[in-house]
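A.B. asks: My questions concern the predicted model and sequence given below.
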Amino acid sequence: MSILNISAYKFVGLDDLAALRERIVARCEALALKGTILLAPEGINLFLAAPREAVDAFMAWLHEDPRFADIAPKESWSEDVPFGRMRVRLKKEIITMHAPSIRPEAGRAPHVPARDLRRWLDQGHDDDGRAVVLLDTRNDYEVAAGTFENTVDYGLASFTGFPEAVAADRARFEGKTVVSFCTGGIRCEKAAIHMRDIGIDHVYQLEGGILKYFEEVGGAHWRGDCFVFDGRGAVDPALAPSDAPGDDA
């Protein structure tokens, strides 16, 4: 496989969106990248595909901006570029939740690395002996492609429905450790912050999301594939394209 696919995000305050977009568009065009980059006052969210040299050159350029110096993308490979074009969009949020009081750049929710989560699942509890509840924060069609065993999901049509759904389900989490997860980390980070803000204790996000979990520990405790928002449709726990229908929007 010759095409490197990366996904990455960072919650960081941005106040130069139009100028930043112009610079990113120019750099992406120069390197013949394809994919989608979202820019909003709360940060950046990106999905890119190209040969390794072009992707690495873009990330080296992006890292020159101190705001993005610590972005670490998740990687996977494909035979072909799974995007039809390159788009850089300005948005109100890089992941829409309609909860403007949440400012992730002001402080992250606690996170659990993939290897620690697998250990918790293997032993049946966290390191303090609390039962672990996995909470899938993705939309219903994503969950349908695959998810962790014994996962709570709310059958969401949109992430904007998450705050209401979790508020009605707070009793489930009392005395337990909650680990929110999503594809690459962005939704589950917002979800974990929101749960913490409404008073749910012992909340973590899965660091790097499902893709980082696959990269580090494979498919342990997972069933099915992971939906991705490009022409591959979904990837399996080996991060290889599956046969699920995709969306390159």
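C.D. replies: Cool, got the structure. Numbering: from 1, shown residues only.
A.B. asks: Dihedrals phi and psi, the residue nearest the centre of the chain?
C.D. replies: With distances taken as CA atoms, centre = their mean, the residue of the chain nearest its centroid is residue 184 (2.1 Å). Dihedral angles of residue 184 (phi, psi; degrees, to the nearest 10) stand at phi -120, psi 0.
A.B. asks: residue ranges for the helices of this structure, please.
C.D. replies: 17-31, 52-63, 114-123, 140-145, 162-167, 186-197, 209-217 (DSSP state H).
A.B. asks: pLDDT on the fourth one, on average?
C.D. replies: In this model, helix 140-145 has an average pLDDT of 97.
A.B. asks: name the helices or strands packed onto it?
C.D. replies: Here helix 140-145 touches strand 151-153, strand 226-227, going by 3 or more CB pairs under 8 Å, 6 or more residues apart in numbering; DSSP states H and E. Where you see a C-beta, it was placed from the backbone N, CA and C, and this is true even at glycine.
A.B. asks: State the distance from residue 207 to residue 46.
C.D. replies: 18 Å (CB to CB, to the nearest Å).
A.B. asks: between these two, who's got more neighbours?
C.D. replies: Neighbours per residue, other CB atoms under 10 Å: of residue 207 and residue 46, the larger number sits with residue 46, 26 against 21.
A.B. asks: sorry, back to before: can I get the helices and strands packed on helix 140-145 in CSV with distance to residue 193, mean neighbour count and mean pLDDT?
C.D. replies: Putting those into CSV (distance: least, CB to CB, whole Å; neighbours: other CB atoms under 10 Å; pLDDT from 0 to 100) gives the following:
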stretch, distance to residue 193, mean neighbour count, mean pLDDT
strand 151-153, 18, 17, 97
strand 226-227, 23, 26, 97
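A.B. asks: Need those strands in JSON lines (columns: distance to residue 7).
C.D. replies: Below are these laid out as JSON lines (distance: least, CB to CB, whole Å):
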{"stretch": "strand 151-153", "distance to residue 7": "21"}
{"stretch": "strand 226-227", "distance to residue 7": "11"}
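A.B. asks: for the ones you listed, which one sits closest to residue 117?
C.D. replies: strand 151-153 (12.3 Å; CB to CB).
A.B. asks: helices and strands around that closest one, which ones?
C.D. replies: Using 3+ CB pairs under 8 Å, 6+ apart: strand 151-153 touches strand 132-136, helix 140-145.
A.B. asks: Swap in 10 Å and give it another go.
C.D. replies: strand 132-136, helix 140-145, helix 162-167, strand 177-181 (3 or more CB pairs under 10 Å, 6 or more residues apart in numbering; DSSP states H and E).
A.B. asks: Just name the most buried of the ones you listed.
C.D. replies: Among the helices and strands packed on strand 151-153, strand 177-181 has the highest mean neighbour count (mean count of other CB atoms under 10 Å), at a mean of 26.
A.B. asks: Convert that one to PDB, retaining C-alpha atoms only.
C.D. replies: Only the C-alpha atoms of strand 177-181 are listed here, as PDB (Å, rounded to 0.1, in the frame of the first residue of the first chain):
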ATOM      1  CA  THR A 177     -15.300   4.500  35.500                       C
ATOM      2  CA  VAL A 178     -16.600   5.800  32.200                       C
ATOM      3  CA  VAL A 179     -14.400   5.700  29.100                       C
ATOM      4  CA  SER A 180     -15.800   7.700  26.100                       C
ATOM      5  CA  PHE A 181     -14.400   6.700  22.700                       C
END
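A.B. asks: Strand partners (parallel or antiparallel) of that strand?
C.D. replies: strand 132-136 (parallel), strand 203-206 (parallel) (DSSP bridges).
A.B. asks: With respect to residue 86, which of those strands lies nearest?
C.D. replies: Closest among those, once you apply CB to CB, is strand 203-206, at 28.9 Å.
A.B. asks: Give me the average confidence score over the closest one.
C.D. replies: 97.
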